[in-house]
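>>> predicted model, plus sequence, below.
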Amino acid sequence: MNDTAQKMREISEKLDKDADDLMFIKDSLEKSSQLTHNMVTILTSFENRLRQLEETILPVHKETVTLQKLQENIENTQAALDHVLNYHDAVRDLDAVIRDGPSGGKLEQYISHMGQIQDALEFFSENNPSSPELSKATQLFKTGKELLQNEFRNLFTRHCNPVPAIKILDMLGTDDELPDSASVTSLNQLPEQALEELSEISKWLIGPGKTHDFMDVYYQIRAQTLKKSMEGLKDHLSKKSSGSAAGSYSPLIVSTNTTLTPTSSISHPSPILNKTLMKGIGGLKDHLNRSTGSHSPLTSGRLHKSKDAPNKRTSTLLRPMARKGAANKLDPERRPSSQGVESQGHVDPAIESYLYCISGLLKLMQCEAQLMSHIIPEEHQRKTFDKIIEKPLEMVSQDGEAIATTAKRAVIKHDYTAILSIFPVLKHLINVKPEFEETLSGTAPGTRGKLPTLIASLETTGAKALDEFYDVVKNDPEKSNLPKDGTVHELTSNTLIFLENLLDYVETTSAMLMAQKDPAFAISNKGNDMENKKKRVANYVAKILGAVGLNLDQKSKSYSDQYLGVIFLLNNLNYILKSLQRSGLLSLVVHSKPDIERDYEEKIRIQKTEYSRSWSRVLQHVIDGSKPMAVNLDPSKMKDKERQQIKDRFKGFNQDFEDLFKTHKGYAVPDPQVREDLRRESKQMILQQYTMFRDRYVVTSFTKNPEKYIKYTPEQVSSQIDHFFDISA
């Protein structure tokens, strides 16, 4: 029961609490409803007020917008009127300024004024073509453009001066010291301010001015300037070369020297070119004096002819080489070369000058390209450049062709020494060809082809000369003027000098030989390219040496004196060997014939042995076979026949020895070593046998007059032999 009463009380308490909560919720709902009603009332009032405000303001706003549009239209109309008036004012106000021209440092302002005139011109053209202002603007614009073109011409003419020859030579000389293209950019042909102004004018003329006329002015002025620069260089070199006979001047201190006057046609080279070229390419006797040294036939004063030899040439095909230009070795290929003209020693003035002109023209063309890049638009540069260099390039090309033509004429006349003038030219052209090709890139095919055409012409001329030179050496028929003393033949000396000159131009000679298309020179392309070139030239040199050997052998057989022919062949073979060893030709020829030195030494040994047989007539008197002659030495038992036999032997010895001495002292053996070898070997053959013979019979009384038969002591025989090959003895 108690539990039930307790639960009833708890339930009653919960019900009272829930009733209180319900009353609280009802009060809250009433308050919320009242607040909502109040808010709705306020919002309704605000909405009504906004509607009233809008109804009041909207008409005012619309009226204001209309007024703003009217104001904007008025302003636009005023601006448009001002713009149109500016065009009218520009034509009127700038008339005097435009007609005054851009002189006086007002170029930038003048171009700005021309822009205003152009704008006016375009405006009137589009909006009022019939307006008189259009005619005024057109005329003023045309006047301004002409004045700008005149300013371009005047400014360009004023600052375009020929480059002094000394500056060109200095530029060539400092090539190796300047990095990259510094040698080109260092030649400031125009002041910086003038260059900037010319650039501005050209931009305006090609743009708003819509004219290319200034490009014609540019190329005409620059072409004339380039031509004068080249002429100045030639004139400078010509004066220096003519005033330095003693060699006091040579631009080859860093590069090369003299002049070639421009030629009107290839077939009519300049008189200066003809005169100096023909003067210098005639030969190389100085080179002979320099190169033969102690082994040269010159040491005995007899080279090609004895004093009794006929006064005529050995052959018209192999003329003696002149003194001047003998040691000309321009741009040797055995040394690294720069892209200018290197110091090569002495070169014929005409050739030296021509090489300078080539390098000078190249550098000037590079400077022209550099200058043009600042003034002429890129798309027009190559065409303009082509016109600028046309005449100077043609002039240099014609001078080169004149050199080739002169060499061709000389070859036709069988003067093959003239071909030596081609080597430095061709070598230099090949060296500068890459730079020329780069500089002339983009020009007309005819312009780009001038240098390759000239190179091909020189190579063809050289190839023909080298081929004909072989035929000449092989078939030289002249035997009537053989040296009477058996010294070195002119054919030998001239041939060796010619071959020695090839040493400095291995690559050039190789190119010439390739032009012959001879299988003998068709070297495989495998391996080192320079080695192939050396082998090709070595094959040619070996071929020439073989021809010389055959020709000399035939000539030696023309001597009536057999042993003079032997001496002749010995001298020539020895001269060839010594020349090969001295000049460096030997190191080249071994690429073709590794044993050539040993072969020549063997041939020389054979000729020495052959010469020793000239003593056989003398020896037969003092020996009987391999034994001394058998005679009873007892005077009391010696028969008259035996005495007479001894007398005949001594008499025969004396006679034949004296005849041999008389003949052989007139033989020429220019090489001191060979001369001493022959004398020593002669003594070895005769002295021992003669001494034995003399000692054997000098004590016998085979005659009452021993001095009549025993004329020579061994010492006297030796002394006589020492005077062999000495015409003055």
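Arrived safely, thanks for sending. Numbers count the residues shown, from 1 in each chain.
>>> which residues touch Asn551?
Val473, Lys474, Asn475, Asp476, Leu491 (C-beta atoms under 8 Å, 6 or more residues apart in numbering). Heads up, the C-betas are built off the backbone N, CA and C, glycines and all.
>>> next one: phi and psi at it?
Dihedral pair for Asn551: phi -70, psi -40, per degrees, to the nearest 10.
>>> can you pick the most crowded of the contacts of Asn551?
Of all the contacts of Asn551, the highest neighbour tally under other C-beta atoms under 10 Å goes to Val473, namely 28 neighbours.
>>> so what's it closest to, chain neighbours aside?
Leaving aside its sequence neighbours, Val473 sits nearest to Ala547 (C-beta to C-beta, 6 or more residues apart in numbering; 4.5 Å).
>>> about what we covered before: Leu499: which of the contacts of Asn551 is nearest?
The shortest approach to Leu499 among the contacts of Asn551 belongs to Val473, at 9.9 Å (C-beta to C-beta).
>>> find the helix or strand that the closest one is a member of.
helix 450-475 (DSSP states H and E).
>>> just checking, what packs against the next helix or strand after that helix?
Sequence order places helix 490-502 as the next helix or strand after helix 450-475, per DSSP H and E. Helices and strands touching helix 490-502, by 3 or more C-beta pairs under 8 Å, 6 or more residues apart in numbering; DSSP states H and E, are helix 285-292, helix 450-475, helix 529-556, helix 562-583, helix 585-589.
>>> what's the burial count for the residue nearest to Val473?
20.
>>> distance of it from Ser510?
In this view, Ala547 and Ser510 are 20 Å apart by C-beta to C-beta, to the nearest Å.
>>> and the helices and strands packed on helix 490-502: which comes nearest Leu50?
helix 450-475 (95.0 Å).
>>> quick check: buried residues in that closest one?
Buried positions in helix 450-475, judged by neighbour count with 16 or more other C-beta atoms under 10 Å: 450-451, 454-455, 457-459, 461-470, 472-473.
>>> how about stretch 716-729?
Buried residues in stretch 716-729, counting neighbours by 16+ other C-beta under 10 Å, are found at Val717, Ser718, Gln720, Ile721, Phe724, Phe725.
>>> show the contacting residues for the first one.
Okay, so that is Val717. Contacts of Val717 (C-beta under 8 Å, 6+ apart): Phe657, Ile686, Leu687, Tyr690.
>>> host element of the closest residue to the first one other than its chain neighbours?
Sequence neighbours aside, Val618 is the residue nearest to Phe657 in space, at 5.2 Å (criterion: C-beta to C-beta, 6+ apart). In this structure, Val618 sits in helix 616-619 according to DSSP H and E.
>>> now that helix: mean pLDDT?
Mean pLDDT, helix 616-619: 90.
>>> heading C-terminal from that helix, find the next helix or strand.
Assigned by DSSP H and E, the successor of helix 616-619 is helix 640-664.
>>> report the angle between that following helix and helix 562-583.
40 degrees (axes from the mean of the first three to the mean of the last three C-alpha atoms, to 10 degrees).
>>> any buried residues in helix 640-664, and which?
Quick answer for helix 640-664 (16+ other C-beta under 10 Å): 642-643, 646-647, 649-650, 653-654, 656-657, 660-661, 664.
>>> do stretch 432-450 as well
Val432, Glu435, Phe436, Thr439, Leu440, Thr443, Thr447, Arg448, Lys450.
>>> which residues sit against that stretch?
Contacts of stretch 432-450 (C-beta under 8 Å, 6+ apart): 339, 358-359, 362, 365-366, 369, 381-382, 385-386, 389-390, 393-394, 397, 451-452, 455.
>>> pick out whichever of the buried residues of stretch 716-729 sits closest to Thr44.
Nearest to Thr44, judged by C-beta to C-beta, of these is Phe725 at 153.2 Å.
>>> for that closest one, helix, strand, or coil?
Secondary structure, DSSP: H, G, I helix; E, B strand; the rest coil: Phe725 is coil.
>>> dihedrals phi and psi, it?
Torsion angles, degrees, to the nearest 10, at Phe725: phi 60, psi 30.
>>> report the secondary structure state of the closest residue to it other than its chain neighbours.
Once flanking residues are discounted, Phe725 sits nearest to Val669: 4.4 Å by C-beta to C-beta, 6+ apart. Put simply, Val669 is coil when judged by three-state DSSP.
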